[in-house]
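**Student:** model this:
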Amino acid sequence: MLQVILKRIAIAIPVILIVASLTFFLVRMAPGGPFDAEKVVPPQVMKNLNAVYNLDAPLIIQYRDYMLNLVQGDFGPSFRYPGRSVTEMIFTGLPVTFELAFYAIIVAMIIGSLAGVIAAVKRNTLLDYVPMTIAMIGICMPTFLLGPLLVLYFGIYLEALPVSGWDSLPGDKILPSITLGAAYAAYIARLSRGGMLETLSEDYIRTARAKGASEASVLWNHVFRNSLLPLITITAGIIPGLLVGSVVVESIFSIDGMGRLVVDSVMVRDREVVLSITLIISILTLISF
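**Tutor:** The predicted structure follows:
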């Protein structure tokens with residue numbers, strides 16, 4: 001076990017360094033600088049700003065300094081918010097994003113598993129075709145389309161649920177969680193249906209029925225538990241996708257999490273924040289897989 005962990009760490013370190021290096025140079029290649037959106041300032045003031053943030057140094061020197069700070073766990077200062085470090089800004093929004101991802105996983109597991117079980121038990125009936133059709137639509141529908149549709153119907157037309165914020169109004173976590181978890185619920189529904197159908201065809205299921213076990217007992221004690229084991233193993237692989245998806249969902253519902261932070265940072269060219277969040281998502285992806 002220890003050997004496997006050490007092997008994964010040995011593979012992860014160069015991958016993280018490559019991701020950090022590529023992201024650094026790609027961000028620097030983007031047109032414009034972090035202070036270009038400000039009002040026109042005298043050349044001397046701009047020169048002083050660049051000197052303070054080490055932007056006047058050669059690119060290779062900036063890269064060296066960034067990597068040295070990164071190894072020490074220092075993501076650097078924010079260009080757009082003086083006095084605030086990137087680490088402080090990220091860890092302010094990270095708990096909100098993790099909470100949103102947690103609720104989205106719960107939504108995906110409950111809805112997906114229930115739909116898959118019903119579809120498998122009622123194979124080739126209306127209760128099979130309808131959930132699987134909805135699941136296929138859910139897989140194909142992007143969050144940037146589903147989110148506004150939920151806002152339009154439940155928030156504006158029915159006026160039943162809040163459409164913005166997080167922890168500010170009762171029920172404001174429902175629509176974001178459903179939006180983020182819907183695609184994974186559809187994916188889990190397809191997997192759970194396939195797993196249950198495979199389990200239902202096993203010999204021990206026929207043996208249990210031959211011994212007189214009730215259908216409910218067979219489904220719960222043998223089919224349901226065994227067929228859902230693969231779903232537990234893929235839950236960790238869902239986490240990076242949820243973090244990436246939070247970029248869209250948090251922007252739609254005005255949630256002050258890490259996803260919205262990266263969007264705002266891209267808009268104002270706060271390079272260090274974009275670099276750091278990209279790196280964090282990459283690390284979480286490596287840990288998950």
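
**Student:** make it CA atoms for all contacts and neighbour counts henceforth
**Tutor:** Fine.

**Student:** how near is residue 263 to residue 208?
**Tutor:** Here the distance between residue 263 and residue 208 works out to 55 Å (CA to CA, to the nearest Å).

**Student:** Would you map the helices across the stretch 1-150 of the chain?
**Tutor:** 2-29, 43-52, 59-71, 86-121, 126-140, 143-150 (DSSP state H, counting those that start in this stretch).

**Student:** Let me know which of these is tucked in deepest.
**Tutor:** Most buried of those, by mean neighbour count (mean count of other CA atoms under 10 Å): helix 86-121, with a mean of 20.

**Student:** if we can go back for a sec, how about the helices of the stretch 1-150 of the chain, which one is nearest residue 193?
**Tutor:** helix 86-121 (4.2 Å; CA to CA).

**Student:** tell me how far that closest one is from the chain's mean position?
**Tutor:** Taking CA atoms, centre = their mean, to the nearest Å, the mean C-alpha location of helix 86-121 is offset from the chain mean by 8 Å.

**Student:** Also stretch 142-156?
**Tutor:** Distance of stretch 142-156 from the chain centroid (CA atoms, centre = their mean) equals 18 Å.

**Student:** if we look at it, which residues are touching it?
**Tutor:** For stretch 142-156, the external contacting residues (CA atoms under 8 Å, 6 or more residues apart in numbering) are 160-163, 175-176, 179-180, 183, 245, 248-249, 252.

**Student:** between residue 263 and residue 208, which one's more packed in?
**Tutor:** Using other CA atoms under 10 Å as the criterion, residue 263 and residue 208 rank with residue 263 on top: 18 against 15.

**Student:** Give me the buried entries from the contacts of stretch 142-156.
**Tutor:** Those of the contacts of stretch 142-156 that meet the buried threshold are 161, 162, 163, 175, 176, 179, 180, 183, 245, 248, 249, 252, by 16 or more other CA atoms under 10 Å.

**Student:** Report the lowest-confidence entry in the residues you listed.
**Tutor:** Lowest pLDDT of the buried ones among the contacts of stretch 142-156: residue 245, 82.

**Student:** host element of it?
**Tutor:** Element membership of residue 245 [criterion: DSSP states H and E] is helix 225-252.

**Student:** elements contacting that helix?
**Tutor:** Helix 225-252 is packed against helix 86-121, helix 143-150, helix 174-200, helix 258-267, helix 271-288, with contacts defined by 3 or more CA pairs under 8 Å, 6 or more residues apart in numbering; DSSP states H and E.

**Student:** buried ones in stretch 231-251?
**Tutor:** Neighbour counts over stretch 231-251 (16+ other CA under 10 Å) mark 231, 236-240, 242-251 as buried.

**Student:** which sections of this structure are below the confidence cut-off?
**Tutor:** Along the chain, segments meeting pLDDT under 70 span 1, 32-42, 44-46, 49, 222, 225, 227-230, 236, 288-289.

**Student:** please redo it, this time with the cut-off set to 90
**Tutor:** 1-98, 101, 105-147, 153-173, 181-248, 250-252, 254-289 (pLDDT under 90).

**Student:** May I see the domains of it written out as residue ranges?
**Tutor:** Here the domain assignment for the chain is 2-87, 93-261, based on automatic domain parsing.

**Student:** As CSV, those domains with distance to residue 270 would be great.
**Tutor:** As requested, the domains of the chain are exported to CSV (distance: least, CA to CA, whole Å):
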stretch, distance to residue 270
domain 2-87, 6
domain 93-261, 10
